[in-house]
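Peer 1: Can you look at this prediction? I've put the sequence above it.
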Amino acid sequence: MHHRNLFSIRKFSQLVIPLKYLHTTPQQFPKPSEFPTLHLPLFLQSSSFPSNLKHGKQVHTQLILNGITTANALLLAMYLRCGTFNDAKNLFYQIDLGCIKRWNLMIRGLVKMGWFRFALLLYFKMLGCGVSPDNFTFPSVVKACSALNNVRFGALVHEVILSMGFEVNVFIGSSLINLYLKNGYINRARRLFDKMPVKDCVLWNVMLNGYVKCGELDKAVDIFDEMRKGETKPNEVTFAAIFSVCASEGIVDFGTQLHGLVVSCGLESNSMVANTLLSMYSKFGWLFDARKLFDTVRQADLVAWNGMISGYVQNGFMEDASCLFKEMISSSVKPDSITFSSFLPAVTRLGSLRKGKEIHGYILRHGVPLDVFLKSALIDVYLKCRDVEMARNVYNQSTKVDVVMCTAMISGYVLNGMNSDALEIFRWLLQEKIKPNVVTLASVLPACADLAALKLGKELHGTIIKNGLADRCHVGSAVLDMYAKCGRLDLAHHVFRRLSDRDSICWNSMITSCSQNGRPEEAIDLFRQMGRIGTKYDSVSISAALSACANQPALHYGKEIHGFMIKVSLCSDLFARSALIDMYAKCGNLAFAQRVFDMMEEKNEVSWNSIIAAYGNHGRLKDCLALFHEMLKSKIQPDHVTFLAIISACGHAGEVNDGIQYFKLMTQELGIPAKMEHYACMVDLYGRAGRLNEAFKTIKSMPFSPDAGVWGTLLGACRNHGNVELAEVASRHLFDMEPQNSGYYVLLSNLLANAGHWGSVLKVRSLMKERGVQKIPGYSWIEVNTTTHMFFAADGSHPQSKHIYSLLKILLLELKREGYVPQHHLLMHPQGIVS
């Protein structure tokens with residue numbers, strides 16, 4: 001065969017196909033006499049040799065027609081380059097199989113085509129044919145192992161390489177290092193790296209990027225320093241990797257020094273380096289420097305535009321992001337899916353559903369590929385702008401659904417109070433064998449919390465622990481929040497204590513949990529601890545602490561926090577200021593609450609809700625409604641919280657018709673669906689006015705099952721108006737829902753006693769004893785001279801109790817003179833009177 005090939009090459013050495021003939025049809029090919037002279041190998045290896053299959057086959061056909069053997073490795077390379085495996089295979093078996101070069105060519109071609117398993121099978125076949133691999137064989141074989149994440153087989157190949165003395169070959173060594181780094185075997189990679197006698201820039205970059213991907217950023221910086229001490233100069237890939245480390249770790253000084261090094265190396269105009277620099281400055285929050293760098297780039301590519309838009313969005317500069325996006329469109333730079341994925345969060349935060357729909361239309365009109373990230377961003381926009389149907393349409397029209405899209409749907413459903421739907425998506429995700437990530441778990445836990453699904457929450461917590469995710473701050477925060485909302489503050493404390501690294505989110509969750517579960521003192525104490533250990537307060541920390549002050553109430557602590565807000569310039573935060581309004585109002589200082597509201601330069605719906613609720617809670621319905629109409633004139637859209645405050649205020653003022661009118665305005669005219677709290681307020685509204693049958697009808701008309709809060713409101717109204725029949729209906733539901741809540745048993749018992757149903761009173765008391773329900777004593781508190789005093793019923797433990805009780809007697813006499821008649825609800829049992 002070898003002699004035949006030499007003859008063929010000699011015969012064709014007088015022939016050549018000029019470049020102009022490579023784009024002609026077979027009929028247009030020149031006759032053999034028209035071919036100028038050129039050696040066949042030179043022609044087949046030249047850049048003019050076709051990478052287009054059609055033209056390649058034309059060449060192959062002409063060789064056959066001219067009687068020239070085609071069993072040539074360079075023709076084989078052509079077929080592999082064109083990605084036609086069957087033609088390559090047929091030609092391969094016509095070539096001398098004892099030649100290692102042919103095998104290497106075939107294995108390398110299969111790897112380039114992505115047929116990694118076939119490449120390894122061919123490697124085995126080669127060994128079976130008695131052909132020994134050489135230094136050109138192993139880079140492709142190791143690359144196939146790396147692509148298949150098969151470290152075990154890669155290690156076996158490594159042993160063969162070691163035995164043949166090829167380990168320190170720069171190409172083989174690089175391939176092995178890359179295999180180990182890709183699969184997390186960083187120590188093996190480093191040992192091999194240290195053995196390499198010659199390390200070029202590529203090898204240093206492979207090791208540097210390996211440390212970055214494995215999260216060992218300190219070692220990435222160390223290896224960069226080692227590289228700088230040697231003779232190898234860093235290139236654009238090196239700087240891109242090290243700038244990403246500076247951005248992730250917030251290494252500001254080192255990052256700026258590296259920028260100077262980039263300039264001295266003459267790489268400042270390189271697009272890869274410029275883009276990573278831009279990303280670094282954006283993550284530092286140095287938007288001025290990022291924009292300055294962006295403006296100095298002569299022709300900003302798509303990556304630069306995307307990076308700058310993303311930087312604005314991540315730092316909360318939504319208007320700047322919007323302006324830059326418009327500038328990008330007007331500059332004739334065509335946005336891609338990454339552009340829209342980066343920009344859509346700005347639309348979400350601006351709350352512009354119309355803008356979101358316009359962008360969605362642009363995406364569809366211009367055929368922008370809708371990858372999972374872009375679909376997730378669209379779903380996020382629609383759900384956060386309360387257009388659930390559009391979000392469902394985007395989700396349902398997707399042929400490929402991954403964990404990112406499922407997570408977007410879960411978090412969106414939770415945001416819209418559709419917790420059961422969120423859990424359905426999560427169940428579907430598990431059924432489809434899609435592994436939830438940390439964000440998915442952190443998103444689904446609030447659904448369990450809102451539904452008080454403690455059992456499911458515990459199961460999820462178990463999954464989190466098994467997967468080693470319990471130490472992640474945002475997951476831990478979601479877990480402790482779930483336990484707190486399910487009434488297990490003890491377990492929330494346990495989770496909080498076990499978190500090794502607590503960020504501000506963890507502290508905020510725990511402070512909020514204590515405040516919302518009737519432990520304001522603990523909340524304030526945690527707030528102080530947070531400051532002592534040096535964790536930075538944010539607007540959420542401040543809001544949570546002010547809420548605790550409002551619930552205690554502790555006006556002096558609230559004033560201290562107000563002073564701190566002024567000192568650290570947190571007064572501009574809308575949510576913190578709204579919490580300040582709420583704190584002053586609940587501590588009885590409505591004038592201060594109004595002053596804080598008046599001093600706000602910008603007001604959102606939270607601010608308006610706080611001041612409306614403040615006047616409503618103080619019984620000033622007229623002012624409350626006037627503020628509501630002023631809110632509408634200011635073009636601020638009311639939400640479900642606004643109407644909760646108004647209906648509650650109407651109930652306290654006894655204005656039933658007004659309450660009904662605003663409930664209809666909310667549900668029928670504005671299309672805001674009523675939540676559980678609204679129905680509880682309507683039941684309270686009717687109950688306070690003695691219209692108990694209408695209250696009961698309201699419960700029956702609810703589109704979802706009433707919770708204990710709704711039934712408890714009805715029971716309280718029945719207690720006030722002496723309706724035993726409806727009270728027994730409500731109590732049956734309450735005893736099933738919250739069997740350990742002593743308050744419901746006491747309410748029913750007092751009502752039955754007042755009606756003289758002593759037999760039923762004994763049954764209720766017996767049921768309490770049988771279930772082991774302990775009566776929790778009620779208490780009140782008052783703040784005097786920055787000290788909070790607490791009192792239980794008939795409490796004599798206070799050091800000034802004698803003086804207090806003498807004053808109470810004087811006040812009671814004054815009340816009687818004004819016409820007050822005490823109502824002794826707990827009448828003495830007849831048997832007690834006889835005895």
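Peer 2: Cool, the structure landed.
Peer 1: so where's the protein shaky on pLDDT?
Peer 2: 1-98, 776-779, 781, 783, 785-786, 822-835 (pLDDT under 70).
Peer 1: now the strands: where do they sit in it?
Peer 2: 779-784, 787-792 (DSSP state E).
Peer 1: Next, the distance between the ends of stretch 771-784.
Peer 2: End-to-end distance of stretch 771-784 (Cα to Cα, to the nearest Å): 40 Å.
Peer 1: okay, the strands of the chain, which one's buried deepest?
Peer 2: strand 787-792 (a mean of 13; mean count of other Cβ atoms under 10 Å). Yep, even glycine has a C-beta here, placed from its N, CA and C like the rest.
Peer 1: so can I have JSON lines of the strands of the chain showing distance to residue 261?
Peer 2: JSON lines is the format used below for the strands of the chain (distance: least, Cβ to Cβ, whole Å):
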{"stretch": "strand 779-784", "distance to residue 261": "60"}
{"stretch": "strand 787-792", "distance to residue 261": "60"}
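Peer 1: could you give the angle of the lengthiest helix in the chain to strand 787-792?
Peer 2: Longest helix of the chain, by residue count under DSSP state H: helix 801-817. Interaxial angle of helix 801-817 relative to strand 787-792 (axes from the mean of the first three to the mean of the last three Cα atoms, to 10 degrees): 70 degrees.
Peer 1: returning to that earlier point: nearest to residue 383, out of the strands of the chain?
Peer 2: strand 779-784 (41.4 Å; Cβ to Cβ).
Peer 1: Quick one: neighbours of residue 585, just the number.
Peer 2: 26 (other Cβ atoms under 10 Å).
Peer 1: Test my guess that it contacts residue 614.
Peer 2: Yes: judged on Cβ atoms under 8 Å, residue 585 makes contact with residue 614 at a distance of 3.3 Å.
Peer 1: Overlap of the contact sets of those two?
Peer 2: residue 593 (Cβ atoms under 8 Å, 6 or more residues apart in numbering).
Peer 1: quick revisit: against which helices or strands is the longest helix of the chain packed?
Peer 2: Judged by 3 or more Cβ pairs under 8 Å, 6 or more residues apart in numbering; DSSP states H and E, helix 801-817 has no packing partners among the helices and strands.
Peer 1: As CSV, could you dump the C-alpha coordinates of it?
Peer 2: C-alpha atoms of helix 801-817 as CSV (Å, rounded to 0.1, in the frame of the first residue of the first chain):
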residue,chain,number,x,y,z
SER,A,801,-48.8,48.1,93.7
LYS,A,802,-50.6,49.6,96.8
HIS,A,803,-50.3,53.1,95.4
ILE,A,804,-51.5,51.9,92.0
TYR,A,805,-54.6,50.1,93.4
SER,A,806,-55.6,53.1,95.5
LEU,A,807,-55.5,55.3,92.4
LEU,A,808,-57.5,52.7,90.5
LYS,A,809,-60.2,52.8,93.2
ILE,A,810,-60.4,56.6,92.9
LEU,A,811,-60.6,56.3,89.1
LEU,A,812,-63.4,53.7,89.3
LEU,A,813,-65.4,56.0,91.6
GLU,A,814,-65.0,58.8,89.1
LEU,A,815,-66.2,56.4,86.3
LYS,A,816,-69.3,55.4,88.3
ARG,A,817,-70.2,59.1,88.8
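Peer 1: Not counting sequence-adjacent ones, nearest residue to the residue sitting nearest the centre point of the chain?
Peer 2: By Cα atoms, centre = their mean, the chain has its centre lying nearest to residue 439, at 4.9 Å. By the measure of Cβ to Cβ, 6 or more residues apart in numbering, the closest residue to residue 439 outside its immediate chain neighbours is residue 407, 5.3 Å from it.
Peer 1: Quick check, the one you found in contact with residue 434.
Peer 2: No: contact between residue 407 and residue 434 fails when scored by Cβ under 8 Å: they sit 10.2 Å apart.
Peer 1: Compare these two and say which is more crowded by neighbours.
Peer 2: residue 407 (25 against 15).
Peer 1: Contact partners for the more buried one?
Peer 2: Here residue 407 is in contact with 376, 436-437, 439-440, 443 (Cβ under 8 Å, 6+ apart).
Peer 1: change it to 6 Å
Peer 2: 439-440, 443 (Cβ atoms under 6 Å, 6 or more residues apart in numbering).
Peer 1: Which member of these is positioned nearest residue 212?
Peer 2: After measuring the contacts of residue 407 against residue 212 - Cβ to Cβ - the closest member comes out as residue 439, at 21.4 Å.
Peer 1: Kindly provide the distance from the closest one to residue 499.
Peer 2: Note on residue 439: its distance to residue 499, by Cβ to Cβ, to the nearest Å, is 18 Å.
Peer 1: Check the gap between residue 703 and residue 536 for me.
Peer 2: Where residue 536 is concerned, residue 703 sits at a distance of 43 Å (Cβ to Cβ).
Peer 1: Filter the contacts of residue 407 down to the ones in helices?
Peer 2: Per DSSP H, the subset of the contacts of residue 407 in helices is 439-440, 443.
Peer 1: Distance to residue 602 added to those residues, as JSON lines?
Peer 2: Shown next, in JSON lines, are the ones in helices among the contacts of residue 407 (distance: Cβ to Cβ, whole Å):
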{"residue": "439", "distance to residue 602": "31"}
{"residue": "440", "distance to residue 602": "35"}
{"residue": "443", "distance to residue 602": "30"}
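Peer 1: right, and the strands of the chain - which one's nearest residue 765?
Peer 2: strand 787-792 (20.8 Å).
Peer 1: What strands line up against the closest one, and which way round?
Peer 2: Strand 787-792 has its sheet partners listed here by DSSP bridges as strand 779-784 (antiparallel).
Peer 1: number of nearby residues for the closest residue to residue 508 other than its chain neighbours?
Peer 2: Nearest residue to residue 508, sequence neighbours excluded (Cβ to Cβ, 6+ apart): residue 540, at 4.5 Å. Using other Cβ under 10 Å, residue 540 has 19 other residues around it.
Peer 1: dump the residue contacts of residue 409.
Peer 2: Residue 409 touches 395, 425, counting by Cβ under 6 Å, 6+ apart.
Peer 1: ok, 7 Å please
Peer 2: 379, 395, 425 (Cβ atoms under 7 Å, 6 or more residues apart in numbering).
Peer 1: Of those residues, which is the most crowded?
Peer 2: Going by other Cβ under 10 Å, residue 379 tops these with 26 neighbours.
Peer 1: how far away is it from residue 637?
Peer 2: According to Cβ to Cβ, residue 379 and residue 637 sit 22 Å apart.
Peer 1: So what's the residue count around residue 544?
Peer 2: With neighbours defined by other Cβ under 10 Å, the count for residue 544 comes to 26.
Peer 1: again, but for residue 293
Peer 2: Neighbours of residue 293 using other Cβ under 10 Å come to 22.
Peer 1: With the one 4 residues further on instead?
Peer 2: By other Cβ under 10 Å, the residues close to residue 297 number 17.
Peer 1: got it, and the one 4 residues further on?
Peer 2: As a burial measure, residue 301 scores 14 neighbours (other Cβ under 10 Å).
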